[in-house]
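Chemist: Prediction below, plus the sequence it came from.
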Amino acid sequence: MNKTLRTIVALVLATTLPAFAQRPQGRPGGPEQNRLPEGSRIERDLVYGSAGGSDLKLNLYLPPGDEARPLIIWIHGGAWLQGSKDGPSPAQQFVGSGYAVAHVGYRLSQVAKWPAQMHDCKAAVRWLRANAAQYHLDPKRFAAWGSSAGGHLVAVLGTSGGVAELEGTCNDLKTSSSVQAVVDWFGPTDFLQMNKFRSNIAHDEAKSPESQLIGGPIQENKEATAKANPITYVGRVEAPPPFLIMHGTKDDLVPFNQSELLNDALKAAKADVTFLPMEGAGHGFGGEQSSAPVREFLTRVLGKTVSVKGAETPRTDGKVQLDNRAQDTPPQPQKRPNPDSNVQGGPRGRALPEGVKVVRDLSYAADNDPKHRLDLYLPEKSDKLLPLLICIHGGGWAMGDKAGGSPLIPLANEGYAVAVISYRLSQQAKFPAQIQDCKAAVRWLRANSAKYNIDPNHFGTWGGSAGGHLSALTGTSGGSKEFEPIGGNDSVSDRVQAVCDLFGPTDLLKMNEQSGGRGGIKHDEARSPESRLIGGPIQENKEKAERANPLRYITKDCPPFLIMHGLGDDLVPIGQSEILLDALKKQGIEATFIKLRAGHGTPEFRQPENIKIIKEFFDKHLKK
């Protein structure tokens, strides 16, 4: 067995019977417990309060032992529009270092407007502190960590100590909601200044994530907007705790200056602040290079912890020293690959797999739109035509880009070319712009296949969530005249020969019915991702919504499908994949449906055994 698949445990693929990825314990929807050290436990769905008739919940990851542990409170991102406590986080690895970790769920902006999100976060802190003895937590050593929208929330949490209007009414207000350390990864800090800097989001528009958070265009609601800005509260009542701020210098969603503004405000208040620009990184980063500074910062501020026996010790080669206060010259992290290099560096600056090269920022639509770009990952050495995998990112059609990469990139070492594409988001252009872009990418790649040693007759698509929807739609609508071509190459085929759809919507009008009101999104509302995609409430624009449904275009000429969906998905109902499977089979299309004990995009989908299933599917249909 080759090195990529050496440690993979085989699962059985079945066309009619679902396959289940086994978890050590627990219910669907949680991150992989087998990444935690032996003896750790997870307390799921702990109710820390209620609001609007619904329970507010958190998950608690606890190391073995009964000594009082410092706590990391992880607050997820997702533009305040999506995401949940059940997603993965970089904080989970810290359980092996002796930290307890809480994943906090909070009300999203389509459910409640600001300051509901901060009321929820503070209520969670109070509940955790009030119940510290039960879960062996040290109530004097709480840290808050979050990224993007979560970075914004932890920054507000840290700067607004003692601000009564942000406390809410949930839980005993006599219990402190303060935290003793904050790790802010690329969070917005002053909404009103975001549009002054280059970004792929028009932040001042009514449909921007920031405007949706406060309930109206931010520039027309400046007072309300200021109340959501972390810098508003710096030093207002209580002195802020120590901060570690990290931000990619090439972030194209949250401008880098947002962290500069917070750093300046904290320094002016004589706070303990460390600011680490991540040179060349975009909106997001990961790996031990990013976690090592967090580990050292928390050790300095919260004190040493007792590592869990048997837990893997992360490497900290080239670690950054963080024992200084209010630095004027921030320490430099390890050098990252140059993102401007045309053949070096992986997604978001992460290292490329050995033996793989990348050609970046290829324009597939003959224009200057940065969303009409793709990155092409190729084996460094190959003497035969390569089947192509086209990876389409998710993000509610409202966020994300090709810089996020794909878990399929390592398959460039397994005889594939892998293209990761960007496309226009819903705040920039309404449907069908997104599928027009995907089809333009397919045609461009086919038209240029000889240049990159790609087999033009063997193309596959892969995507998750919104990317799963577009992957499926690319597959079912191949050859259709429904969508006017853009970008040239009009005479070139837009068909693909295999489709992998991970938990993608397939019939927008049925999503609310299938979720039974229990999901994290009210799909029929005007602010839902689906309604924003088509430009109006889906139930009031049924023809537009139906036009976006992959089901509409299924014929006997569709390619084979591999569909995967989590049983615990609370954002896209699993029924969306079930009706896709039924429709494909009615037309005699080969379709495999695999149900995982997983949530929406949780780590199970990236586990080696499930990547192996995807590879075997593409091998079967693209390596004939």
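Modeler: Arrived safely. Nothing here was measured: the structure is a model prediction, and the numbers come from that model.
Chemist: residues touching the nearest residue to P529 once chain neighbours are set aside, list them.
Modeler: Excluding the flanking residues, the one nearest P529 by CB to CB, 6 or more residues apart in numbering is G396, at 3.7 Å. To be clear about C-beta, it is placed using only N, CA and C from the backbone, and glycine gets the same treatment. For G396, the contact set (CB atoms under 8 Å, 6 or more residues apart in numbering) comprises A79, L81, Q82, S426, S465, A466, P529, R532.
Chemist: go again using 7 Å as the cut-off
Modeler: Applying CB atoms under 7 Å, 6 or more residues apart in numbering to G396 gives the contacts L81, Q82, A466, P529.
Chemist: least trustworthy helix or strand in the chain by mean pLDDT?
Modeler: Within the chain, judged by mean pLDDT, DSSP states H and E, the helix or strand with the poorest mean is helix 288-302; its value is a mean of 88.
Chemist: helices or strands next to that one in the packing?
Modeler: For helix 288-302, the elements it packs on are strand 137-147, strand 181-185, strand 243-248, judged by 3 or more CB pairs under 7 Å, 6 or more residues apart in numbering; DSSP states H and E.
Chemist: 6 Å instead?
Modeler: With contacts defined as 3 or more CB pairs under 6 Å, 6 or more residues apart in numbering; DSSP states H and E, helix 288-302 has these neighbours: strand 181-185.
Chemist: partner strands of the strand it packs on, parallel or antiparallel?
Modeler: Strand 181-185 pairs in its sheet with strand 137-147 (parallel), strand 243-248 (parallel), by DSSP bridges.
Chemist: could you dump it to PDB, C-alpha only?
Modeler: Output of strand 181-185 as PDB, limited to C-alpha atoms (Å, rounded to 0.1, in the frame of the first residue of the first chain):
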ATOM      1  CA  ALA A 181      -6.800  35.900  28.500                       C
ATOM      2  CA  VAL A 182      -8.000  36.500  24.900                       C
ATOM      3  CA  VAL A 183      -6.700  35.000  21.700                       C
ATOM      4  CA  ASP A 184      -8.200  36.900  18.700                       C
ATOM      5  CA  TRP A 185      -7.500  35.400  15.300                       C
END
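Chemist: buried set for that strand?
Modeler: Buried residues in strand 181-185, counted by 16 or more other CB atoms under 10 Å: A181, V182, V183, D184, W185.
Chemist: Tell me which of the strands paired with strand 181-185 sits most buried.
Modeler: Among these, ranked by average contacts under mean count of other CB atoms under 10 Å, first place goes to strand 243-248 (a mean of 26).
Chemist: what is the mean pLDDT for that strand?
Modeler: The average pLDDT for strand 243-248 rounds to 95.
Chemist: Tell me how far the following helix or strand past it lies from the chain's centre.
Modeler: Of the helices and strands lying after strand 243-248 in sequence (DSSP states H and E), the nearest is helix 257-268. From the chain centre to the centre of helix 257-268 is a distance of 25 Å (CA atoms, centre = their mean, to the nearest Å).
Chemist: need the next SSE after helix 257-268, C-terminal direction.
Modeler: Going down the chain from helix 257-268, the next helix or strand is strand 273-278, by DSSP H and E.
Chemist: before we move on, the earlier item: to be precise, which single item in the contacts of G396 has the lowest pLDDT?
Modeler: Within the contacts of G396, Q82 has the lowest pLDDT, namely 88.
Chemist: got the end-to-end distance for stretch 201-219?
Modeler: Length of stretch 201-219, first residue to last, CA to CA, to the nearest Å: 15 Å.
Chemist: Check stretch 410-417 too.
Modeler: End-to-end for stretch 410-417, by CA to CA: 10 Å.
Chemist: neighbouring contacts of it?
Modeler: 4, 353, 355-356, 377-379, 386-389, 418, 454 (CB atoms under 6 Å, 6 or more residues apart in numbering).
Chemist: Can you turn the buried part of the residues you listed into a PyMOL selection?
Modeler: Buried residues among the contacts of stretch 410-417 (16+ other CB under 10 Å), as a PyMOL selection:
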select buried, resi 4+356+377+378+379+386+387+388+389+418+454
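Chemist: hey, where'd the helices end up in the stretch 101-250 of the chain?
Modeler: Assigned by DSSP state H, counting those that start in this stretch, the stretch 101-250 of the chain shows helices spanning 116-130, 149-159, 209-214, 222-226, 230-233.
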